[in-house]
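Asker: With the input below, show me the fold.
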Amino acid sequence: MVDDVRSGRPARPAPRGRRPLDAGALLERTPDGLAVIDADGRFVQANPAALSLCGLDPAHVAGAASPFPPRDADEDGEDPGAETVTVWEAEPGPRREFAFRTSRLPGRDERIVAFRDVTESRRHQRRLAAIASAASRVAAKRSLGSTLEALAKEVLEADALAGVQILTVNATSERFQVMGTAGFSQAENFFDMLLECREAGADLRMIDAFTSRQPVVVPNRYVTIMSDPAWRALKDYMRSPEWDWFASVPLMVRGEPVGILNAFFAPGQEIGRTALDFLLAMAEQAAQAVDYAALLEREREVARREERQRLARDLHDSVVQQVFSMGMQAESLSMLSGRDTVVDSAYVMRVAGELGHVSKAVLSDLRAMVTDLHPIPLADQGLSAALDALAESTMGRTGLDVHVSITDQRHELDDLESELREDVYRMIAEALHNSVKHAQGSRVTIDLGLTGRRSQRWLTGEVSDDGCGLPAQNADLPGEEGGFGMTAMKERAGRWAGDLAILSSPGAGTTVRFVLPLPPSLPTGLHRDVFARARDTARDTTDDAARARDTAPDTTDDAARARENAEEP
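Answerer: Residues are numbered from 1 along each chain as shown. Purely as a prediction, here's the structure:
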């Protein structure tokens, strides 16, 4: 009979014919790892569970490195009830987390360790914490870039992944841009390399996830990419850190994709239902952040439009009417001063003339301000239409010939951020206003276009007049010397990391030129296959070259016939 230590009561006799297991058999069959380690933290001996958990060779246990730290020389004793967690990454083998307790062996400089695998339970805890943290970041209304960058790091750390990318799309879902990354290094030409791979025939599974609106899981993706010549341009970038499985999850808002979350799993990790559910939950948080940013931008645009309408109404109802009244009074004063009175008529007429001249100038400027303060029809008509309307309004008000030229072959201008389009419009409007006010010319030309190669693009613009130009000492001056309008234009260009220059010389007109770099991006392929279009263009070029070669013999034959005719008498 064996006493029941837990209750203090005698235990029931063991069943007849069944012998109790000895201590050695219990140690062999326990599911928890039990091991003896030396002062340096190396294995002395271990039970089968410990061998399995740590991936050890039974024939080479003694002296093998263990997951547990060496004994501190200053330790007086250890609490056998205190549980600690350590991380074990055997080569080869998956990353594991062990919860362990240690106890010193009497009379020996060794310790016995009892440990168990808590990888999944701790991963579950981190996933829940990551989801809560992501929700908190979205609720905190931080900037979209910082929110998605932090969210990518949360995903990476929660599941101990090799790398994470979060890509979002523009308003028309035409182009991707990287908004959050963790694990991989930053590469400014990432999309250029990705396009080169696609053109070489590489299969971009993240495009499949985006267009199908369904998660895509690819086992052993690392080996496939490293062995495929089509991925040559990106092999060095994606080689480190090493990874294995790949998953791409779309960010969905009201049934429409607004981006993707790419997860690169470390070697030894596989994507099960739990891991995929976690990625879906984090993708949902990222999608909420994108949706909130879009909603906030729409609210800001509405507020800006309403404020401009209010200012335009107030200026028209008060200031413009008052200045008009000043002009009428000045003309009345001029009429009175012409009569035979004791008033010095010459003086009154001079003052009246100056007052009338100033009031007309102020009235003209205020009317221009009222026009500029009206909401820009960017949202409804687009940037091109807004610039055409600006040109028409200026020609009708001033009599100048204003010509607008837009270079936008792929119709991408209206895909740009609304704030960027508004800044471009304001820069052009200010430059046009300066030409009207100071140039004394007859023609103004506005040129705007998108240029670039692969994923890198630039927005370029020019406003040129044929007027008198600026004095040499005033050209391209910042601050007060260049005028508030010049400073405002430079600030708007600088907001987008762009450059703005004023080129002018006396008698040769003035040109305001700006160049704004656009964020690197990648076509999504959702609405039109730009990759197929590029391949078709390449085929057309090849076909044209072949046709040119085919016509070459005809020219040779013509030349031969000409020589034969020349030899005939």
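Asker: so what pLDDT did residue 566 get?
Answerer: The model reports residue 566 with a pLDDT of 37.
Asker: Also residue 77?
Answerer: On the pLDDT scale, residue 77 is placed at 50.
Asker: With the one 10 residues further on instead?
Answerer: Predicted confidence (pLDDT) for residue 87: 87.
Asker: next one: residue 412
Answerer: Per-residue confidence (pLDDT) for residue 412: 79.
Asker: distance of it from residue 449?
Answerer: In this view, residue 412 and residue 449 are 10 Å apart by Cβ to Cβ, to the nearest Å. Any C-beta I mention is one placed from the backbone N, CA and C, and that applies to glycine too.
Asker: same question, residue 124
Answerer: To residue 449, residue 124 is 53 Å away according to Cβ to Cβ.
Asker: Same question for residue 40.
Answerer: 69 Å.
Asker: who's in contact with the helix or strand hosting residue 251?
Answerer: Using DSSP states H and E, residue 251 sits in strand 246-253. With contacts defined as Cβ atoms under 8 Å, 6 or more residues apart in numbering, strand 246-253 is touched by 166, 168, 205-206, 208-210, 212-218, 221-222, 257-265, 271, 275-276, 279-280, 283-284, 286-288, 290-291.
Asker: Can you give the distance of that strand from its chain's centre?
Answerer: The chain centroid and the centroid of strand 246-253 are separated by 16 Å under Cα atoms, centre = their mean, to the nearest Å.
Asker: same check, this time on stretch 502-516
Answerer: 33 Å.
Asker: Identify the residues contacting it?
Answerer: Residues from elsewhere that reach stretch 502-516 (Cβ under 8 Å, 6+ apart): 420, 424, 427, 431, 434-435, 439, 441, 458-472, 475-476, 482, 486, 489, 493, 496-501.
Asker: related to what we said a few turns ago, just want to know which of residue 40 and residue 449 has more residues nearby.
Answerer: Neighbours per residue, other Cβ atoms under 10 Å: of residue 40 and residue 449, the larger number sits with residue 449, 15 against 12.
Asker: which ones are touching the residue lying closest to that one once chain neighbours are set aside?
Answerer: Of all residues not flanking residue 449 in the chain, residue 407 sits nearest, at 3.0 Å (Cβ to Cβ, 6 or more residues apart in numbering). By Cβ under 8 Å, 6+ apart, the residues touching residue 407 are 447-451.
Asker: Then residue 284?
Answerer: Contacts of residue 284 by Cβ under 8 Å, 6+ apart are 251-252.
Asker: Confirm it sits in a helix?
Answerer: Yes: assessed with DSSP: H, G, I helix; E, B strand; the rest coil, residue 284 lies in a helix.
Asker: Domain-wise, how is this protein divided?
Answerer: In terms of domains, the chain is parsed into 29-117, 122-296, 376-528 (source: automatic domain parsing).
Asker: which one of the ones you listed lies closest to residue 330?
Answerer: Closest to residue 330 of those is domain 376-528 (Cβ to Cβ; 21.8 Å).
Asker: In the chain, what helix or strand scores lowest on average pLDDT?
Answerer: One helix or strand of the chain scores below all others by mean pLDDT, DSSP states H and E: helix 479-482, with a mean of 42.
Asker: buried residues in the helix or strand that comes right after that helix?
Answerer: Toward the C-terminus, helix 479-482 is succeeded by helix 484-495 as the next helix or strand (DSSP H and E). Residues of helix 484-495 classed as buried: 485-486, 489-490, 492-493 (neighbour count, 16 or more other Cβ atoms under 10 Å).
Asker: next one: stretch 221-234
Answerer: By neighbour count on 16+ other Cβ under 10 Å, the buried set for stretch 221-234 is 221-222, 225, 231, 233-234.
Asker: Hmm, residue 465 is touching residue 439, no?
Answerer: Yes: between residue 465 and residue 439 a contact is recorded at 4.3 Å, counting by Cβ atoms under 8 Å.
Asker: could you show me where the helices are in the stretch 1-150 of the chain, in order?
Answerer: Along the stretch 1-150 of the chain, the stretches classed as helices by DSSP state H, counting those that start in this stretch are 23-29, 48-54, 119-139, 144-159.
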